[in-house]
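K.L.:
Pasting the sequence and the predicted model now:
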Amino acid sequence: QAVTAGWNALFGMRILLCHVALNQRAKVATLAKCLRRLRYVVILAPNLDTRTPLAPKATVYKADLQISDMDRNYYASHILTLAQHPSETVERLMVRLLAFALNAHEFLTFGKGLSDDDEPDLWQKDLTGAIDVWIEIGQPDEQRIRQACGRARQVIVYSYSGRSAEIWWDKIAPALERSKNLSVVDLPAACVQQIAALANRNMQLQCLVQDGQIQLMGDDSSVDIELVIRRLPISMQNR
C-alpha cells in the first residue's frame, strides 16, 4: 500500500508539472506573439513623424534710432532689437517703433506683446518693479484696457487701422469713461503705410518732435506724422 501511495503521489506530481509546463508554454507563445506585433509596429514607426512641429520663428529687425524730442526735452540714441511675431504685420511693427520714439525713456522696453497676454507691447517700470507706463498697439478689448489701467500709472493705446479703428473706439469708449489714466491715440492709415515703407532689417532712423509735430526720417525718405488724439487722461483734459 505504501508503494502504491508513493507511485500515486509521483504520478500526481508529474501531472502537475505537465500543467505548469503547458501554462508556461502558453505564456511564452503569447509573449512571442506580442513581440512579433511589437516588432511590426517598430518597423512601421520610422515612417511616422510624431514630433511636435516647431513654432514659426520671429523675424528680427534692428534699428539705430536717434530721438530729438523738444517737447519733452529728451535727446538720445537707442539701439533697438524688435522681434516681429509671425502674425504681426510690418505696419504694426513700425507703429511699435514709433510708440517707443514718442515715449522714449531709459526704462522703456518692448514687452512680449502678441506672444504673452500678460505683457503689453511696451512698458516702463520703476526700480521697484511698479509699472509706470503700459502701451498697447492696435485694438485691445475693453477688459484688457481696464486691467492695464489697474496695473499701471499710465496707459496709452495707439490704434492705426483707419475706419476699423474708429468703429472699435466708438464701441468701447463709453465703457472706459472712468479709466482716468487712459490715453488713446490714432495714426491715420495712410501715414502708417508711409512709415511701413521705411522698414528694413537694419534701420537708421531719426525722430524729431517739436510743438506736437512729428517727423520720422530714414535713409532715403521722411514721413510727417499727424496724431489724432481720441482720449487724454482726466488730469490733462482741462489743460
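P.N.:
Nice, I can see it.

K.L.:
Tell me how many other residues surround residue 218.
P.N.:
When neighbours are counted by other Cβ atoms under 10 Å, residue 218 registers 16. C-betas here are computed from N, CA, C, even on glycine.

K.L.:
Please apply the same query to the one 4 residues further on.
P.N.:
Residue 222 is flanked by 14 other residues according to other Cβ under 10 Å.

K.L.:
so who does it touch?
P.N.:
215, 216 (Cβ atoms under 8 Å, 6 or more residues apart in numbering).

K.L.:
ditto for residue 137
P.N.:
With Cβ under 8 Å, 6+ apart, residue 137 has these contacts: 92, 95, 96, 99, 113, 121, 157, 158, 160.

K.L.:
Run through the strands of the protein in chain order.
P.N.:
Here the chain has its strands, by DSSP state E, at 59-69, 74-84, 108-110, 122-125, 131-137, 152-159, 182-186, 202-210, 213-217, 222-225, 228-231.

K.L.:
got those strands as JSON lines, with mean pLDDT and distance to residue 193 columns?
P.N.:
Formatted as JSON lines, these follow (pLDDT from 0 to 100; distance: least, Cβ to Cβ, whole Å):
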{"stretch": "strand 59-69", "mean pLDDT": "97", "distance to residue 193": "18"}
{"stretch": "strand 74-84", "mean pLDDT": "96", "distance to residue 193": "17"}
{"stretch": "strand 108-110", "mean pLDDT": "97", "distance to residue 193": "22"}
{"stretch": "strand 122-125", "mean pLDDT": "97", "distance to residue 193": "22"}
{"stretch": "strand 131-137", "mean pLDDT": "98", "distance to residue 193": "16"}
{"stretch": "strand 152-159", "mean pLDDT": "98", "distance to residue 193": "15"}
{"stretch": "strand 182-186", "mean pLDDT": "97", "distance to residue 193": "14"}
{"stretch": "strand 202-210", "mean pLDDT": "97", "distance to residue 193": "17"}
{"stretch": "strand 213-217", "mean pLDDT": "97", "distance to residue 193": "13"}
{"stretch": "strand 222-225", "mean pLDDT": "96", "distance to residue 193": "9"}
{"stretch": "strand 228-231", "mean pLDDT": "95", "distance to residue 193": "16"}
